[in-house]
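Colleague: could you work out the structure for the sequence below:
(2 chains)
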Amino acid sequence: MRWSKAFIPTLKETPSDAEVPSHQLMLRAGMIRQLMAGAYTYLPIGYRSLRKIEQIVREEMDKAGALEMFMPAIQPIELFHRTGRKEAFGNVLIDFEITRRDHKVHMALGPTHEEVVTDLMAKHINSYRQLPLTVYQIQTKFRNEERPRFGVLRTSEFLMKDAYSFGASVEDLNAAYDAMYAAYCRIFTRCGLEYIPVEAESGPIGGDASHEFMAPAGNGEDTIVRCGGCGYAANLERAETGRKTPSIATSSDAAAMEQVSTPNAGSIEQVSKMLKLPATQFIKTLIYVADGTPVAVLVRGDHEANEGKIRRALGVTSLELASPQVIEEVTGAPVGFAGPVGIKCRVIADHDIPLISNAVTGANVADAHLTGVNVGRDYQLDTTFDLRDAADADPCPRCEGTLNAVHGIEVGHVFKLGTKYSESLDARFLDESEQRHAIIMGCYGIGVTRVLAALAETRHDENGLNWPITVAPYEVVVAPLNAKDEEVTAAAEKIYAELQAAGVDVILDDRDVRPGFKFKDIELIGIPLRIVVGGRGLKEGVAEVKWRNDAEPQNVPLDTVVAQVANMVQEARQSLNG
RNA sequence: CGGGACGUAGCGCAGCCUGGUAGCGCGCUUGACUGGGGGUCAAGAGGUCGCAGGUUCAAAUCCUGUCGUCCCGACCA
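Modeller: Alright, predicted model coming up:
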C-alpha cells in the first residue's frame, strides 16, 4: 500500500466525546469513526486489523475441528418465543415488524444464534452417528445496549465469533468444551492479548461449566479476582474466598451498647457521616425472604452481599429481598433501621461479622441505631459463612496466597449449555438402543471487535497505539524522508517492492510531508516496524530500522535491509503464532 | 431508567452571565521557501451557532420544548 493512496484520516487532537484510551486512539489513528451511539464504521486500517483477528480465530477454530458456516442476522421472533428468550432478553433484543404483502412479519436481529443453530440441528440430526459436531460463524450481532459506552468496547452492533457444539453425551460436551478452551488460549496468544481465563457463573449444569476470558485492563467493566500464588481466578460474583469462621467471642474491650438517634438516616453512608464512624464499623442487615421465610443476613457495612452464596448457605432455591411490609414485621421498624439485636427471624452472618467489636447497627426502631454492639453479648451466632463478594486482599480459597482484584474486559466466553435449547426446540437424536435424547450443547463466543479494542486499550503509550505484529494493520512501514529527493525515493521504492515480494505486509509512506509529521502518524497508528530512508543514511549506505517499542533505531546496510527485516518480521510472527 | 455535562467551521475551543459586527488554534486550498520529530511566510475557502417555538426593534446569547452525544449509577441471556 502507498500511503498517498490510502484513506487514513489521523487526528492531531482528541475528539472530546472519547474518554477511554482505546476509543481516543483508534479515532485518532483513523481506524474507526462513530455513526451514532454504539455504532462504528471501521475505516480501512481498522478493518484490516479486525480481519487479521478474524483470520486467527478462523484458523484456530478450523484447527479445533469446528466447521464454519453463516447464519442470517434476521431471525423469526417465533424462535425466541419458543425458548422464552423474548422475555429474557427484554429490551436488549432488537425486534420489529415488517410488512410483506398483506401480513406482518415479526422478526429480530440476532443477539446471538442459539435458536437458529439449534433449530437447524433439530431438523438435521437424527442419530448419535451424526454427533458430535461443532459449528461456528463470524458475524455481526445486535443488542440494544441500554447504555453503549467506551467507544468500541460496548456497542449495539459488534462482530462476534460464535460456536456451538452438539454432542450425544456429557463426554462429547466435555471434549468439545476442552477443545474450544484450548483454541481460545491459542487465539488470544496469537493476537498478543494478555488474558486470564476465569471461572464464571456455572448455569444449569454446575461445576466448571463456564469460563470467561478476561483481558486485564484498567477500564474493564468487569471485576475479577486472581491469586498470585496458585493462579486461581474467578469472576467477582462467582469467586470464593479462603476466609474461615473466626472464633465467636465477645471482644474484651466491648463498650456499653447505646441507642443513638439517627433521624431520617437509613443508609450506611448517611449514618456513617452522622456518627463519624467508618463503614467497616457497621453491620449491614439485609432482610431476605428465602423459600417463603424471612432471614436476616449480616455483612460488614462496606461489603456487598452475594445472593448466590446466601442461597447456597441457606440451602434454598428462591431468595429475594423482603418487601417493606415484611421488614417492618420482622424488625418493628421501617426500612433502613434493621439490626441483629432482638430481631424476630433467623440470622446468618458473614465470616467478618464477629470480628467487628463495638459495631454500629440498626436499632430495629425508627430513626435510631445502636453503637457498641458485640457478638455473644448483644446478639448470638453459632457459625458464620462466606456471604459476600470477594474483595481485594481476601485470602485465596485454594492456597495460602492472597487474592487481587483486577478489572477486565470480557473477550471470550465458553459455556456448557446442556439441553436448555435442544429441549425447547426439540433437537433430539436416537442412541444405539433407539432411545430418544435431547442433544447436549455448548456455546462459545469471542467478541472479535472487543479483542481489537482490548488490544488498543492495553497496548499504547503517549505516542499512540502499539499493535502486536499479528494484528497490526501493516507489519512494516517504509518511510522515505524527503519525497522530492530522487535517490531517497528510489531506495525506498526498492525496499518496499522487495519486502512485498518477500511476503511482508508493508506500507510505503510516500507522502510529501516533513519527517516529523510521518513519525508522529506512524507512531500514532502503531505500525510495529519502521524503516527510515533518509539522505543522511543513504550517504553511508544504510537505512534505519526500529521497532515501535525500541528507543533507538539501528542502522542496516541497504543491500541487506530487506532480508534482515523479512527475517525480523518472520521471527516476530513466530513468537506469537508459535 | 435515575443523576450530571455538553451541542458554535472537518477537529479542539472562546463568545452566552450583561441581546446588536461570529472569533481563535489545528486541519483544508493556492503559491513560495523548507526538508531528521506535527516547519515558515503570504493569500484564500469553509458557519441554517443541533432543531422548533417564544420574548424582543434585534437572539449564538434570554425563555420553553425537542433531538443528539458523553460521563456516573442501575441493567447486561
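Colleague: return the distance of stretch A:427-441 from the chain's centre.
Modeller: Here stretch A:427-441 is found 34 Å from its chain centre; the criterion is C-alpha atoms, centre = their mean, to the nearest Å.
Colleague: same question for the strand ranked longest in chain A: list its buried residues.
Modeller: Determined from DSSP state E, the single longest strand within chain A is strand A:403-418. Of the residues in strand A:403-418, A:403, A:405-406, A:408-418 count as buried by neighbour count, 16 or more other C-beta atoms under 10 Å. Any C-beta I mention is one placed from the backbone N, CA and C, and that applies to glycine too.
Colleague: I'd like the average pLDDT over it.
Modeller: For strand A:403-418, mean pLDDT is 94.
Colleague: would you mind naming what in the stretch 1-150 of chain A lies close to RNA strand B?
Modeller: Contact residues, the stretch 1-150 of chain A versus RNA strand B (C-beta under 7 Å from any atom of the strand): A:10-17, A:19-20, A:34, A:36-38, A:85, A:88-89, A:92, A:111-112, A:143, A:146-150.
Colleague: apply 6 Å and report the result again.
Modeller: A:10-13, A:15-17, A:19, A:36-37, A:88, A:112, A:146-150 (C-beta under 6 Å from any atom of the strand).
Colleague: the longest strand of chain A pairs with which strands, parallel or anti?
Modeller: strand A:210-216 (antiparallel), strand A:222-227 (antiparallel), strand A:440-447 (antiparallel) (DSSP bridges).
Colleague: how far off centre is that strand?
Modeller: With C-alpha atoms, centre = their mean, you get 6 Å for strand A:403-418.
Colleague: and what of stretch A:21-31?
Modeller: 20 Å.
Colleague: ok, A:S433 to RNA strand B distance?
Modeller: 33 Å (C-beta to the nearest atom of the strand, to the nearest Å).
Colleague: contacts only, for the residue positioned nearest the centre of chain A.
Modeller: Nearest to the geometric centre of chain A sits A:E410, at 1.0 Å (C-alpha atoms, centre = their mean). Counting by C-beta atoms under 8 Å, 6 or more residues apart in numbering, A:E410 touches A:E212, A:F213, A:M214, A:G220, A:E221, A:D222, A:G447, A:R450.
Colleague: apply 10 Å and report the result again.
Modeller: Each residue near A:E410 by C-beta atoms under 10 Å, 6 or more residues apart in numbering is listed here: A:153, A:198, A:200, A:212-215, A:220-222, A:224, A:235, A:445, A:447, A:450, A:454.
Colleague: show me what it is bridged to.
Modeller: Beta-bridge partners, per DSSP bridges, of A:E410: A:M214.
Colleague: repeat that for the one 5 residues further on.
Modeller: Each beta-bridge partner of A:F415 is listed here: A:S210, A:C443, as defined by DSSP bridges.
Colleague: isn't it up against A:Y444?
Modeller: Yes. Here A:F415 reaches A:Y444: they are 7.1 Å apart, a contact under C-beta atoms under 10 Å.
Colleague: got any residues that touch both of the two?
Modeller: Contacts common to A:F415 and A:Y444, judged by C-beta under 10 Å, 6+ apart, are A:Y177, A:M180, A:H211.
Colleague: which of the residues you listed lies closest to RNA strand B?
Modeller: Set against RNA strand B, the nearest of the shared contacts of A:F415 and A:Y444 by C-beta to the nearest atom of the strand is A:H211 (13.7 Å).
Colleague: hang on, A:V478 in a strand?
Modeller: Yes. According to DSSP: H, G, I helix; E, B strand; the rest coil, A:V478 belongs to a strand.
Colleague: count of neighbours near it?
Modeller: 31 (other C-beta atoms under 10 Å).
Colleague: quick one, grab the pLDDT at it.
Modeller: Predicted confidence (pLDDT) for A:V478: 98.
Colleague: please identify the buried residues of the helix or strand following the longest strand of chain A?
Modeller: Using DSSP states H and E, the helix or strand that follows strand A:403-418 in sequence is helix A:420-424. Buried residues in helix A:420-424, counted by 16+ other C-beta under 10 Å: A:K420, A:Y421, A:S422, A:S424.
Colleague: and helix A:420-424, what does it pack onto?
Modeller: The contact analysis (3 or more C-beta pairs under 10 Å, 6 or more residues apart in numbering; DSSP states H and E) places helix A:420-424 against helix A:77-83, helix A:85-89, helix A:114-124, strand A:436-438, strand A:440-447.
Colleague: what's the most buried one of those?
Modeller: strand A:440-447 (a mean of 26; mean count of other C-beta atoms under 10 Å).
Colleague: now the angle from the helix or strand just after that one to strand A:210-216?
Modeller: Next helix or strand after strand A:440-447 toward the C-terminus (DSSP H and E): helix A:448-458. For helix A:448-458 against strand A:210-216, the angle by axes from the mean of the first three to the mean of the last three C-alpha atoms, to 10 degrees is 40 degrees.
Colleague: nearest to A:L576 among the buried residues of strand A:403-418?
Modeller: Distance to A:L576 across these (C-beta to C-beta) is lowest for A:V411, with 16.0 Å.
Colleague: tell me the residue of the stretch 201-350 of chain A that sits nearest RNA strand B?
Modeller: Counting by C-beta to the nearest atom of the strand, the stretch 201-350 of chain A gets nearest RNA strand B through A:E221, at 6.0 Å.
Colleague: OK, contacts around that residue?
Modeller: Counting by C-beta under 10 Å, 6+ apart, the residues that A:E221 touches are A:R149, A:F150, A:L153, A:R154, A:H407, A:G408, A:I409, A:E410.
Colleague: max pairwise distance over those: which two?
Modeller: Among those, A:R149 and A:G408 lie farthest apart (C-beta to C-beta), at 16.1 Å.
Colleague: low-confidence bits of chain A, can you list those?
Modeller: A:202-208 (pLDDT under 70).
Colleague: thought A:T14 was touching A:A29?
Modeller: No. Here A:T14 lies out of contact with A:A29, judged by C-beta under 10 Å, at a distance of 11.4 Å.
Colleague: more neighbours: which of those two?
Modeller: For the pair A:T14 and A:A29, the greater number of neighbours falls to A:A29 (27 against 14), based on other C-beta under 10 Å.
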